[in-house]
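Colleague: Build me a model from this:
(chains A and B)
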Amino acid sequence: MSKTPDLAVNFAGGIRCPNPFWLASAPPTNCGEQVMRAFDAGWGGAVWKTIGEPVVNVSSRYSSTDWNGQRMMGLNNIELISDRPVDVNLREIYEVKKRYPNHAVIASLMVESKREAWHDIVERAENAGADGLELNFGCPHGMSERGMGSAVGQVPEYTQMITEWVKEKARTPVLVKLTPNISDIRTVARAAKRGGADGLSAINTINSITGIDLDTLVPRPNVDGHSSHGGYCGPAVKPIALNMVQQVQSDPASQLPLSGIGGIATWKDAAEFFLLGCGTVQVCTAAMHYGYRIVEDMIDGLQNWMREKGYATIEDFRGLSLPHVREWKNLNLNYKIVARIHADKCIGCDLCYTACWDGAHQCIHLDRVSGVKDGHVEVHTKPAVVEAASRAKIAVTPIPKLDHAAAHSQSDGPYATPLARIPRVDETECVGCNLCALVCPVENCITMEQVDLGLAPETWEERTAAAASPGKSC
Amino acid sequence: MFEAFQESQEVAERFQDLHPPLTAQSAVIEANRCLYCFDAPCTGACPTHIDVPRFIKKIASGNLQGSAQTILDANILGASCSRVCPVQVLCEGACVMHHHHQPPIKIGLLQRHAMDTFYENGAVLAKRAAQERPEKIACIGAGPASLACAAELTQRGFSVTVFDRHSLPGGLNTYGVAEYKLPTADSLREIELVRSLGVKFQFGVELTGEAAFAELEKRYDAIFLGVGLGAMHWLGIPGEDHPAVVDALALIAGYKTAGNLQVGRRVVVVGAGNTAIDAANAAKRLGAEDVHILYRRSQKHISAFDFEYEHAKQEGVQFLWQAQPIAIHHDQENNLRSIECLRVELAQDATPRPIPGSNFHLECDMVVPAIGQSPLFDLLAQCHGVEVKHGRVVVDRATGRTANPKYFAGGDCVNGGREVVDAVADGKRAGIAIAAALEVVHV
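Modeller: Modelled structure (predicted):
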């Protein structure tokens, strides 16, 4: 058995922690009692619930998007920053650091946009023992109406200015938390970098209205008959977060140590953020859903994967996926894959068939029994005809004594599934879009396989450049 | 409600739901398991071709009214079918999840959920937009086949009257299905829906003699025969005229609709079909200490479904295989004392051969014959021009049309005795065919 991979990190020039799993600034880090329990559960760091002039909150505060019977695919909140006095939060930071000197405590800060106010809070937070500071320029609800949070993060000049104020005073690493509620996240990332930030955190929550109660017609969450847009997070936002992380990390003018945030619930999610260059990750919704205990498998799963891949530290694989992201114009046009359906695995749901006909390129057919033929859409039986034929059949209840054989053999081929229900791909028409493999409920039943076109790789940029280049005739 | 029926608290307690209904949330979770197959095998396996994935996805989306409408469009008796269908060999048996090494979607329970919600919400069924038609149709028998036929035709604007010799409609749904599967009250609730569509009912009408049918033919443009089967077969052995010999359907109808909850202490049911099992379980639940099912062949030859057999064992019913009754004995006070049997050996082709001299007595105080129903030969003979073969009305399968184009037929009198859902499918097809035939006449 190889050595246990080392998850310890030293982030953004000096924030040390036993592992890269941090709790994001949010309700799970509201007070010292919580943060200490979180550290006991295994979290490597915690970004304190944003400290500033105490606010008054409303009830209710959260709403969620359920999906297909699963709870909280996405979570939305309209809770503001900490409603506890600054000195109480700072005293508890001091207590936590005293008991947990090796864990990272980052103070998330938000005060009004005045130099003195920022200088004051930075000094007090660092005196309390914070290992770093996270500037909350991302909160998209409530605070932004008062000129703070995303109201700062949406304006590169403000972001740069406040970052500079903070850096005038700060002795610990300064992270700027970016809002996704902007057309190009890089504009603000660059501003933070110009302002001297030591690192970034991304993404904050996304502006959202999760849904409307169809009886009361009031959107959720309902605060006495009214609602307000909130910030969206949870598994639903992970793809958006990954894209923004990639944008920032692939842009030299933005690139800084990055703490990845957005829908991270498992070690796999975390690994993806590391592969796009993040040095730590922050988790909120999953901990709110299932409790601090989820970190155990995040650590264990990541270590097992690292061991399997031969990575000893996070640095060994951090950013390795970045070179695999390119602009579309640089993708190989001569790469071709087609779908193959493995009949022995097919359960006969025919979702690939209906998906291909209605959502793709009409190249999956139910013709294994009726007669295989390749070609354009006109030569094939259409789905409505297939369905009408089945509806016209007379079915009866099998009686065990009379119809035993009929009741117990549905198969008319070598597979458990009737051959007539196992679809087939017309590879002459398949464009390799992946849709069938995506809708198939059975793992590895539909595989996408490469077809050698015998052509050298060529991108759109190369093709158009070649066509436009002078001296070439066509 | 149909006034002739009184619910019994004791029956309700003794025959509680075999399978508890889904809660609203568990229904949504189960509905979301459904893959939403294209040309779904479950729909193909349902004799009435209910669009199963469609009604299930409507449960998932919270459109319960639409879900119920989807079910009822295909099967007006969707509620009773959800309770009595042998889903294991129909929709759920065809579910692709079996190939995925997962339990099938609980289609029966989901359908029941949609139906229960529909009835709880007042059973408002959107009527199809149809022009009122002048033609009149008579449906003979008020069982599932006739009800489905009547509902289909009424929805198409025709005027339909259903005749039945009983005081309650529903046929076996009302009188013959084990109460823990389908309570009589629920059967009647469903027929109330059929009545609300405009179907007229006449109860207590015994049609006898060719004159009665000739009169019907004169008054109605088409006649649907959904008469089912007749009395249960007798065992044909000495001693069976004793009052403690009660056939299975009489036993079941007795406790369900006539307040007759008395059974023997030791009951012997003869036969091993689904009705035999319903009767044996009923005897057990009504207080019999000891219930035996007696069958000439072995377990693998029974006509009951496997799950019915398993259920009977759980109820505490005992099975005695390869035994053939030859006489029923009573004592001097005329108390039924025993059933005398011969042991049976089975030939290669499973033909039972009684073993001479192997006589034994099984002590009992009640005997319940359950070896099938005999066809209504006399009644069918009075239907002018209707061909009957081996006791079954001969029809064109797709339309239910008999040799006499004025008569259509479906259900047990055509198929010899299958499930409720088969009768509904027959009735619906016949309804569509009758409408088509009458429309052609008018054009």
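Colleague: quick one, phi psi at the residue lying closest to A:Ile185 once chain neighbours are set aside?
Modeller: Closest residue in space to A:Ile185, ignoring its immediate chain neighbours: A:Met244 at 4.8 Å, by Cβ to Cβ, 6 or more residues apart in numbering or on different chains. C-betas here are computed from N, CA, C, even on glycine. With angles defined as degrees, to the nearest 10, A:Met244 shows backbone torsions of phi -70, psi -40.
Colleague: Let me see the contact set for A:Met244.
Modeller: Under the criterion of Cβ atoms under 8 Å, 6 or more residues apart in numbering or on different chains, the contact list for A:Met244 reads A:178, A:180, A:185, A:202-203, A:262.
Colleague: Can you list which of those residues are found in strands?
Modeller: For these, the ones inside strands are A:Ala202, with DSSP state E as the criterion.
Colleague: just the contacts of A:Met244 now: which is nearest chain B?
Modeller: A:Gly262 (25.4 Å; Cβ to the nearest Cβ).
Colleague: The residue nearest to B:Pro375 when sequence neighbours are not counted and chain A, how far apart?
Modeller: In space, not counting the residues next to it along the chain, B:Pro375 is nearest to B:Gly391; the distance is 3.1 Å by Cβ to Cβ, 6+ apart. Taken as Cβ to the nearest Cβ, to the nearest Å, the spacing of B:Gly391 relative to chain A amounts to 16 Å.
Colleague: returning to what we had before: columns pLDDT on top of the contacts of A:Met244, output as CSV?
Modeller: CSV is the format used below for the contacts of A:Met244 (pLDDT from 0 to 100):
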residue, pLDDT
A:Leu178, 97
A:Pro180, 97
A:Ile185, 98
A:Ala202, 97
A:Ile203, 97
A:Gly262, 98
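Colleague: Considering the contacts of A:Met244, which possesses the most neighbours?
Modeller: Counting by other Cβ atoms under 10 Å in any protein chain shown, A:Gly262 has the largest number of neighbours within the contacts of A:Met244, with 32 neighbours.
Colleague: wait, doesn't it sit right on A:Ala236?
Modeller: No - assessed by Cβ atoms under 8 Å, A:Gly262 is found out of contact with A:Ala236, at 9.6 Å.
Colleague: between these two, what contacts are shared?
Modeller: What both A:Gly262 and A:Ala236 touch, as defined by Cβ under 8 Å, 6+ apart, is an empty set.
Colleague: in the stretch 1-150 of chain A, which spans are strands?
Modeller: In order along the chain, the stretch 1-150 of chain A carries the following strands (DSSP state E, counting those that start in this stretch): A:9-11, A:15-17, A:21-23, A:45-47, A:62-67, A:70-77, A:104-109, A:132-136.
Colleague: ugh, typo on my part, it should be the stretch 251-400 of chain A
Modeller: With DSSP E, counting those that start in this stretch as the definition, the stretch 251-400 of chain A shows strands at residue ranges A:258-261, A:280-283, A:336-341, A:364-365.
Colleague: Of all the residues in the stretch 151-300 of chain A, which one is nearest chain B?
Modeller: Per Cβ to the nearest Cβ, the residue of the stretch 151-300 of chain A with the smallest distance to chain B is A:Leu214, at 8.8 Å.
Colleague: Using the three-state scheme, assign that residue.
Modeller: Remark: A:Leu214 carries the secondary structure label coil [criterion: DSSP: H, G, I helix; E, B strand; the rest coil].
Colleague: Let me know the pLDDT of it.
Modeller: What the model reports as pLDDT for A:Leu214 is 96.
Colleague: what do you get for B:Gln25?
Modeller: Per-residue confidence at B:Gln25 stands at 92 (pLDDT).
Colleague: and it, how many neighbours does it have?
Modeller: A count of nearby residues for B:Gln25, using other Cβ under 10 Å, gives 9.
Colleague: what's the answer for B:Gly264, then?
Modeller: Neighbour count for B:Gly264, taken as other Cβ under 10 Å: 21.
Colleague: From chain A, how far out is the spatially closest residue to it that is not a sequence neighbour?
Modeller: Sequence neighbours aside, B:Met366 is the residue nearest to B:Gly264 in space, at 2.9 Å (criterion: Cβ to Cβ, 6+ apart). Applying Cβ to the nearest Cβ, the value for B:Met366 to chain A is 26 Å.
Colleague: who's in contact with whichever residue of the stretch 1-150 of chain A sits closest to chain B?
Modeller: Scanning the stretch 1-150 of chain A for the residue nearest chain B gives A:Gly69, at 3.7 Å (criterion: Cβ to the nearest Cβ). Contacts for A:Gly69 were tallied using Cβ under 8 Å, 6+ apart; they are B:28-29, B:31-32, B:60.
Colleague: Buried subset of those residues as a PyMOL selection?
Modeller: Those of the contacts of A:Gly69 that meet the burial criterion (16 or more other Cβ atoms under 10 Å in any protein chain shown) are gathered into one PyMOL selection, given here:
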select buried, chain B and resi 28+31+32+60
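Colleague: tally of neighbours for residue 65?
Modeller: If you meant another chain, say so; for now it's chain A. A:Thr65 has 19 nearby residues by other Cβ under 10 Å.
Colleague: Can you look at chain B instead?
Modeller: By the measure other Cβ under 10 Å, the count of residues near B:Gln65 is 16.
Colleague: Mind telling me what element it is part of?
Modeller: Under the assignment given by DSSP states H and E, the secondary-structure element containing B:Gln65 is helix B:64-74.
Colleague: Identify the residues contacting that helix?
Modeller: Counting by Cβ under 8 Å, 6+ apart, helix B:64-74 makes contact with B:46, B:48-51, B:54-56, B:58-59, B:78, B:82, B:111, B:114-115, B:117-118, B:121, B:124-126, B:428, all of which sit outside it.
Colleague: What parts of the stretch 301-443 of chain B come near chain A?
Modeller: Proximity of the stretch 301-443 of chain B to chain A is confined to B:301-306, B:397-398, B:415, B:418-419, B:421-422, B:425 under the rule Cβ under 8 Å from any Cβ of the partner chain.
Colleague: got the contact list for A:Ile185?
Modeller: Under the criterion of Cβ under 8 Å, 6+ apart, the contact partners of A:Ile185 comprise A:178-179, A:202-203, A:244, A:247-248.
Colleague: quick one on the thing from earlier: ok, now how distant is the residue nearest to B:Gly264 from B:Glu132?
Modeller: Separation of B:Met366 from B:Glu132 (Cβ to Cβ, to the nearest Å): 53 Å.
Colleague: Those two: which has the busier surroundings?
Modeller: Legend: neighbour count by other Cβ under 10 Å for B:Met366 and B:Glu132, higher for B:Met366 (23 against 9).
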